[in-house]
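K.L.:
Here is the input, now give the coordinates:
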Amino acid sequence: MPSLPPRAPRTRLSRLTRPVYAYAAFEEFILLYPLYALLFHDTGLSVTQISSLFVIWALSGVLVAVPAGAWADVVPRRHLLAAAPLFAATAFALWLLLPSYTAFALGFALWGVGGALSSGAFEALVHSELDRRGAAEHYARVMGTARALGVAAVGTATLLAVPVMAAGGYPAIGAASVAACVLCGAAALALPEHRAHGTARAPRTAAARYGAVLRGGLAEAASSRPVRHAIALVVVITAVWGVLEEYVPLLADEAGVPARTVPVVVLVVWGLVTLGGLLAGAADRLPPAGLAVVTALAAVAVATGALLGSPVGWVLLGLGFGACQMLSVVADARLQARITGPARATVTSLAGLGTDVLTVSVYALYAGVYTLVGHAVAFALVAAPYLGVALTLARVRTRSGARCQRAAPDHGDL
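P.N.:
Just a heads-up that it's a prediction; the model follows:
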């Protein structure tokens, strides 16, 4: 067993949080986000070809997620976090220098691998460093703020993309996106990291250590019921609303919102999503019963907002998505609190893998439902599983009420 590093005094949290927030913001400050589909179209790709690129993107992340998570338990996590955005930067450079289906496909594969490198490693590093400082209870607040900054960065990049595109076209958009990736990598190198030192019994080679942490992470996820439940909560909460938010512009269009006003709807929704991230620290103190109520209200708000298709509806939709963003961060915090072994990034990457797989399934489900009933009813039906999650959380409270009262921070299995 590796020996744990000594805990640092609960001071200088800004030494950790500043680069964490910078990383989260630069990672999402990509001016190509709202325009890459247009780039593909202008290059002559068909809808089928563009769809196949998204499949390549998803599959590359799925295939690399767990191996990358295990690697993040062997080598310095901040080095992987620094490398991850450089994969995306390489992808964007390929797209602009050699625009073709082959270059786009290779770029998406690189982007997917880069995303897998950071998935698990980022959460594990932040939690480990907070725990070392005796401040692990601040994990949800820190990660909630990081997610909120990421959302704000996407919105800012989207707004800036219009004048930058008008002034310099795709080359200027691509250069700005590559620059953001480089700054993201630099922020990663500024992250503090204190890893455990191995003992004489620890495997000596990197390959042996990799195998050990991979087996250890998989074993912990398989043998610990609280960890399994926490992973399932992360997967379901994150995947469902993550799919629905992609269709907000189409939902607004179906409701009769003029094209020039659709960005306003998106801005309202994402403003409330940002607020949800900022409230994650407070929500992390809720017991399972409280989380059950929030989850049920989120489902009702999303469904009602989509069905109304009015200004009040867009606010309700934003509140529902904001609650989902808040719950996603809380679910991740509960997972981090239940991981006890040294393979933290490996276990976390399993949640990322499950989220990716469920996301693909929800996309397929949404497409099928939409063809039958349209966007508004599809939103309401796809959000319905959150009611099941709420019921599950309420049952957790019922089963473990007495134990939760004696050990409030644990909140039972969830």
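
K.L.:
Can you point out the buried residues in the helix or strand hosting Ala345?
P.N.:
Assigned by DSSP states H and E, Ala345 belongs to helix 344-383. Within helix 344-383, the residues that count as buried by 16 or more other CB atoms under 10 Å are 344-356, 358-360, 362-363, 365-366, 369-370, 375-376, 378-383. C-betas here are computed from N, CA, C, even on glycine.

K.L.:
I'd like the next helix or strand past that helix.
P.N.:
Scanning forward in sequence from helix 344-383 by DSSP H and E, the next helix or strand is helix 385-399.

K.L.:
by how many degrees do that following helix and helix 344-383 diverge?
P.N.:
Helix 385-399 runs at 120 degrees relative to helix 344-383, counting by axes from the mean of the first three to the mean of the last three CA atoms, to 10 degrees.

K.L.:
okay, helix 385-399 in PDB with CA atoms only?
P.N.:
Output of helix 385-399 as PDB, limited to C-alpha atoms (Å, rounded to 0.1, in the frame of the first residue of the first chain):
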ATOM      1  CA  PRO A 385     -36.200   9.300 -15.400                       C
ATOM      2  CA  TYR A 386     -35.200  12.000 -12.900                       C
ATOM      3  CA  LEU A 387     -38.400  11.200 -11.100                       C
ATOM      4  CA  GLY A 388     -37.100   7.700 -10.700                       C
ATOM      5  CA  VAL A 389     -33.800   9.100  -9.400                       C
ATOM      6  CA  ALA A 390     -35.700  11.200  -6.900                       C
ATOM      7  CA  LEU A 391     -37.600   8.100  -5.600                       C
ATOM      8  CA  THR A 392     -34.400   6.200  -5.300                       C
ATOM      9  CA  LEU A 393     -32.800   9.000  -3.200                       C
ATOM     10  CA  ALA A 394     -35.900   9.100  -1.000                       C
ATOM     11  CA  ARG A 395     -35.700   5.400  -0.400                       C
ATOM     12  CA  VAL A 396     -32.000   5.700   0.500                       C
ATOM     13  CA  ARG A 397     -33.000   8.100   3.200                       C
ATOM     14  CA  THR A 398     -35.700   5.800   4.500                       C
ATOM     15  CA  ARG A 399     -33.300   2.800   4.700                       C
END
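
K.L.:
Give me the helices and strands touching it, please.
P.N.:
Contacts defined by 3 or more CB pairs under 8 Å, 6 or more residues apart in numbering; DSSP states H and E place helix 385-399 against helix 225-244, helix 288-308.

K.L.:
and the spatially closest residue to Leu365 that is not a sequence neighbour, what does it touch?
P.N.:
Nearest non-adjacent residue to Leu365, counting by CB to CB, 6 or more residues apart in numbering: Val382, 6.6 Å away. Shown in contact with Val382 (CB atoms under 8 Å, 6 or more residues apart in numbering): Val240, Val243, Leu244, Val362, Leu365, Tyr366, Val369.

K.L.:
Surely the fourth one and Val240 touch.
P.N.:
Yes: checked against CB atoms under 8 Å, the pair Val362 and Val240 is within contact range at 6.0 Å.

K.L.:
quick check, Pro192 in a strand?
P.N.:
No: using DSSP: H, G, I helix; E, B strand; the rest coil, the secondary structure at Pro192 is coil, not a strand.

K.L.:
quick one: it and Leu16 touch, right?
P.N.:
Yes: using CB under 8 Å, Pro192 is in contact with Leu16, at 5.7 Å.

K.L.:
what's the burial count for Ala68?
P.N.:
25 (other CB atoms under 10 Å).

K.L.:
what does Asp332 give?
P.N.:
Neighbours around Asp332, by other CB under 10 Å: 27.

K.L.:
who's in contact with it?
P.N.:
Asp332 makes contact with Glu123, Ala140, Met143, Val234, Thr348, Ala351, according to CB under 8 Å, 6+ apart.

K.L.:
Show me what counts as buried in the helix or strand harbouring it.
P.N.:
Using DSSP H and E, Asp332 maps to helix 311-338. For helix 311-338, burial by neighbour count (16+ other CB under 10 Å) applies to 313-338.

K.L.:
cool, stretch 158-170 as well?
P.N.:
Thr158, Ala161, Val164, Met165, Tyr170.

K.L.:
give me phi/psi at Ala135?
P.N.:
Backbone torsions of Ala135, given as degrees, to the nearest 10, read phi -130, psi 30.

K.L.:
what does Leu191 give?
P.N.:
phi -70, psi 140.
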